[in-house]
Structures are given as structure tokens and as C-alpha cells.
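Asks: for reference, the sequence and a predicted model appear below.
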Amino acid sequence: MVVSENVPVYTIGVIADLLHVHPETLRIWERHKLVNPVRRKGHRLYSANDVRRLKFIRCLTERKGLNLAGVRQVVDMYPCWWLDNCPGGTRKEPGARTKACWREEGTHCHMVLDKADLCSGCRIYENRARCESCVRRQKDS
């Protein structure tokens with residue numbers, strides 16, 4: 001049986017062991033609105049995409065030395081951070097404003113410098129309906 005990357009199946013204990021962090025660290029990251037795990041019967045459940053987000057956050061804090069406010073600034077530059085259907089990054093194009101993809105190591109994502117970039121330059125936001133659903137999602141989080 002193959003589980004979709006967006007289906008929340010991993011408990012906080014499993015994720016903490018996998019990432020070698022304390023479960024409270026994951027709760028702190030959630031309080032800072034860096035991740036938004038699904039809750040079922042009072043338990044947090046994480047999807048494979050959540051695990052990718054968490055690995056990226058850990059990389060930013062441990063390797064880059066960012067605090068959580070800095071991490072928040074970085075993830076806000078990724079228009080696809082909260083999308084479940086993000087196709088991942090592409091090869092780096094010369095001259096393009098890109099940043100390392102949070103989803104696929106070794107690839108690059110379109111970089112948003114301000115809100116005007118969200119809908120105009122990113123292939124993920126070419127479809128207006130997708131963009132509006134993303135805005136609703138950001139408001140809910």
C-alpha cells in the first residue's frame with residue numbers, strides 16, 4: 001500500500017526520532033507557525049511533506065544558525081511552503097531569482113521578494129484559483 005505524501009500518518013514521537021529532535025522542539029516550531037500538523041483525537045499527525053518542511057527548518061536552524069524568526073522570514077519567501085501539491089524545484093536557471101528548494105534537495109524554487117511576486121512570476125500560482133486557496137490557507141494558519 002502506497003500512502004500519499006500529503007496523508008498525515010506519523011505521530012510526533014516518530015517524527016522526533018526521525019529528525020533527532022525533542023518532541024517539544026516540534027511543538028515550538030508549530031507555535032511559530034512554521035508547520036501545521038493535522039490533529040486527530042488530540043494527537044498531532046504529520047505527512048511526508050510535513051517531514052520535508054521540518055527537515056528544512058532543522059537545516060536552517062542547525063546548519064545556517066537561524067533563529068525561528070529568521071526561519072519564518074525564509075519560509076515566507078517560498079510561495080509553495082503550504083501547498084500540498086507543490087511539484088518541487090527545478091534546475092537552477094542562470095539569472096533567475098531562485099532559492100534552494102525546501103522539498104527536493106539539490107533543486108531550486110522561484111523566490112518571492114515581495115507580495116507582488118506571488119501571483120506574477122511563479123508557475124505554481126499561474127492558476128488564480130490555486131493562489132486564492134493558498135491565501136485562505138495562510139489566513140487559517
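Replies: Perfect, I can see it now.

Asks: what number of residues lie near the residue nearest to Trp81 when sequence neighbours are not counted?
Replies: With C-beta to C-beta, 6 or more residues apart in numbering as the criterion, Trp81 has its nearest non-adjacent residue at 5.0 Å, and that residue is Val75. For the C-beta atoms, the positions are set from N, CA and C on the backbone; glycine is no exception. Val75: 19 surrounding residues under other C-beta atoms under 10 Å.

Asks: could you give the mean pLDDT of the lengthiest helix in the chain?
Replies: Using DSSP state H to define each element, the chain has its longest helix at helix 48-62. Averaging pLDDT along helix 48-62 gives 93.

Asks: pull the residues that contact the following helix or strand past that helix.
Replies: Using DSSP states H and E, the helix or strand that follows helix 48-62 in sequence is helix 68-76. Applying C-beta atoms under 8 Å, 6 or more residues apart in numbering, the contact partners of helix 68-76 are 28-29, 32-34, 53, 56-57, 60-61, 66, 81, 102, 112.
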